[in-house]
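# Structure for this input, please:
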Amino acid sequence: MNISLRQLRAFLAVARLQHFRRAAESLHLTQPAVSRHIADLEAELDVRLFDRNTREVMPTEAGRYLQGAVERVLEELEGVLAHVHSESERRHGKVRVAAVPTLSAGLMPQCIAACARHYPELTVQLHDQVQTLVLESVRGGEVDFGLAIEPADPEAFHSETILHDPFVLVCRRDHPLAKLASVPWKKLQGELLVLLDHTSGSRRLIDDQLLAHHVAADVVQQTGHTHTAFRMVEAGLGISITPSLSMPASDQLAVRPLTPIAKRAITLIRRRQRSLSPVAELVWIQIRDMAAQLSPTRCAPSKPG
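Alright, predicted model coming up:
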């Protein structure tokens, strides 16, 4: 049986529009060309597909059956062809990712480097933003997706939690709490705290833990970046609570686990009901795989000395 894709497309156009001229216009063909495709198809199948008169063209029973079957087959075929085409394009292009500062510094450099090694023609553009701006960038379509702390309204996004990052205490090495192997949350009562401000996704979770453990927080300073908070701790202005991914590299500071353990959920987010482009999906998977490779010892606090 010798039936072409052009014949099937012409048949579908006529069946849907029930008009040869309009079908020809939709296919950018002449009306005689469409008529010839239909005639050749009917001859090949040895069946009449349309009843024609001067006013309308109506599919016969066989035509209606063929229309439903061909629509399904062509839709599947177009999906297959689109997939094959995307495979050739999926490693080329630019992907924009918004990430909160602790993840921009603690996770994204390795991910971007891995993408550069595996997909050299793919560019990852990082938007280093506070939590509130990450959510706005994703919601507004300014980036392909975001890497954030689990949002307070998770239903607003399609999300995937890829890592749980525990909170730790940061203090000077000469601080009394530095002598403990781990620090109960209740021990923070009466301490001067230097915390991230409320633009951070972690601050809401830290406040929840302080409240849950009945710690009356005496927050003496609020900063936009953990680096600033650590410098204030070094200066003796107080102690800080930080995610383990942002632990300071400082000889003057000690890091201790907080007990009971409380963690923040590191989450990949994108707009609901919006699929990722093939290149963006590659980067999404790379970040997810990189997070899975992080071992607990990577974030292990230093021992009391």
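
# Now do the same contact list for the residue lying closest to residue 192 once chain neighbours are set aside.
Spatial nearest neighbour of residue 192, excluding adjacent residues (CB to CB, 6 or more residues apart in numbering): residue 238 at 3.4 Å. C-beta here means a position set from N, CA and C on the backbone, and glycine is covered the same way. If a contact means CB atoms under 8 Å, 6 or more residues apart in numbering, then residue 238 has 191-194, 220-221, 232 as its contacts.

# now do residue 165
243-245, 263-264, 266, 299.

# re earlier: highest neighbour count among the contacts of residue 238?
residue 194 (24 neighbours; other CB atoms under 10 Å).

# on that earlier part again, show me the contacts of residue 165 that map onto strands.
243, 263-264, 266 (DSSP state E).

# helices or strands up against the lowest-mean-pLDDT helix or strand in the chain?
Lowest by mean pLDDT, DSSP states H and E among the helices and strands of the chain is helix 61-89, with a mean of 81. Applying 3 or more CB pairs under 8 Å, 6 or more residues apart in numbering; DSSP states H and E, we find helix 61-89 packed against helix 5-17, helix 278-293.

# Which one of those helices lies nearest to residue 145?
Nearest to residue 145, of all the helices and strands packed on helix 61-89, is helix 278-293, at 6.1 Å by CB to CB.

# Give me the mean pLDDT for the closest one.
Average pLDDT, helix 278-293: 89.

# Strands of this structure, residue ranges please.
For the chain, applying DSSP E gives strands covering 50-52, 57-59, 93-99, 122-128, 145-149, 157-172, 183-184, 192-196, 218-223, 239-243, 253-259, 263-271.

# Okay, now the unreliable bits of the stretch 51-200 of the chain?
83-91, 152 (pLDDT under 70).

# rewinding a little: take the contacts of residue 238 and write them to a markdown table, including distance to residue 182.
Converted to a markdown table, the contacts of residue 238 look like this (distance: CB to CB, whole Å):
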| residue | distance to residue 182 |
| --- | --- |
| 191 | 16 |
| 192 | 20 |
| 193 | 18 |
| 194 | 20 |
| 220 | 24 |
| 221 | 25 |
| 232 | 23 |
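
# about what we covered before: wait, which of the strands of the chain is closest to residue 27?
For residue 27, the closest of those is strand 57-59, at 14.8 Å, according to CB to CB.

# What strands flank that closest one, and is each parallel or antiparallel?
With DSSP bridges as the test, strand 57-59 is paired with strand 50-52 (antiparallel).

# and the partner strand, how far from the chain's centre?
How far strand 50-52 lies from its chain's middle: 51 Å, per CA atoms, centre = their mean, to the nearest Å.

# in it, what counts as buried?
residue 50 (16 or more other CB atoms under 10 Å).

# and what of stretch 283-292?
Going by neighbour count (16+ other CB under 10 Å), the buried part of stretch 283-292 is 283-284, 286-287, 290-291.

# Could you list the domains of the chain?
5-88, 93-162+265-299, 165-264 (automatic domain parsing).

# Show the end-to-end separation of the last one, please.
Going back to what we said before, that points to domain 165-264. Taking CA to CA, to the nearest Å, the first and last residues of domain 165-264 lie 5 Å apart.
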